[in-house]
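1. Coordinates only, no sequence provided:
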């Protein structure tokens, strides 16, 4: 059962939480949403509020949902869900019903943003800023290593408006 928490009370190491354990970025509605695995992002404070940053490449199906919706969620899971997270990072929602294939149950936050019952930590974010990354402002070695296809990420910053943790 989830309990509402203050984002300031998240005691986990956010570098490990995002970079090692991964997260699912999800947007849409209860009836139609898409999700993707991410290991790039951040948590902090921006404009006087708790905030989350995530990055999505232009070809990702989830990007269409994030661009359309006002809210999105970040879900974090126990290790037993690693295989499902791998699937969500390697398959497109255009071709596979990832949510069904992973056995996830969609729930919705008060704002209507979808998240998953199987998560252990959920951050509900209101989209506050969106900006494509400008390759002119990147070091050449970054572009060469991470963007050989020139598919530069779009940065999304969301104000964390709700947070849930498993009791």
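-> Thanks, I have the structure now. Everything numeric here is computed off the predicted structure, so don't read it as measured data.
2. average pLDDT for stretch 47-65?
-> Across stretch 47-65, the average pLDDT comes to 97.
3. Quick check: bridge partners of residue 27?
-> Applying DSSP bridges to residue 27 gives these bridge partners: residue 34.
4. ok, it touching residue 56?
-> No. Because the distance of 9.9 Å does not satisfy C-beta atoms under 8 Å, residue 27 is recorded as not touching residue 56. Quick note: C-beta positions are derived from backbone N, CA and C, even for glycine.
5. List the residues that contact the residue most central in space within the chain.
-> In the chain, the residue lying closest to the centroid (C-alpha atoms, centre = their mean) is residue 25, at 2.3 Å. By C-beta atoms under 8 Å, 6 or more residues apart in numbering, the contact set of residue 25 is 35-38, 54, 56, 62, 66, 72-74.
6. which of the residues in the stretch of helix or strand it belongs to are buried?
-> Following DSSP states H and E, one finds residue 25 within strand 23-28. Residues of strand 23-28 classed as buried under the neighbour-count rule (16 or more other C-beta atoms under 10 Å) are 23-28.
7. of all these, which comes closest to residue 154?
-> Each of the buried residues of strand 23-28 was scored against residue 154 by C-beta to C-beta, and residue 25 proved nearest at 11.7 Å.
8. mind checking pLDDT for the closest one?
-> On pLDDT, residue 25 comes in at 98.
9. Compute the distance between it and residue 131, please.
-> The gap separating residue 25 from residue 131 is 16 Å, by C-beta to C-beta, to the nearest Å.
10. can you pull out the helices in the chain?
-> With DSSP state H, the ranges of helices along the chain come out as 14-15, 61-68, 82-90, 98-102, 140-146.
11. Could you export these as CSV, including mean neighbour count and distance to residue 156?
-> Rendered in CSV, the data for these read as follows (neighbours: other C-beta atoms under 10 Å; distance: least, C-beta to C-beta, whole Å):
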stretch, mean neighbour count, distance to residue 156
helix 14-15, 12, 17
helix 61-68, 18, 6
helix 82-90, 16, 17
helix 98-102, 17, 20
helix 140-146, 11, 18
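12. Adding distance to residue 125, write those helices out as JSON lines.
-> Formatted as JSON lines, the entries for the helices of the chain read as follows, by distance: least, C-beta to C-beta, whole Å:
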{"stretch": "helix 14-15", "distance to residue 125": "14"}
{"stretch": "helix 61-68", "distance to residue 125": "10"}
{"stretch": "helix 82-90", "distance to residue 125": "18"}
{"stretch": "helix 98-102", "distance to residue 125": "19"}
{"stretch": "helix 140-146", "distance to residue 125": "24"}
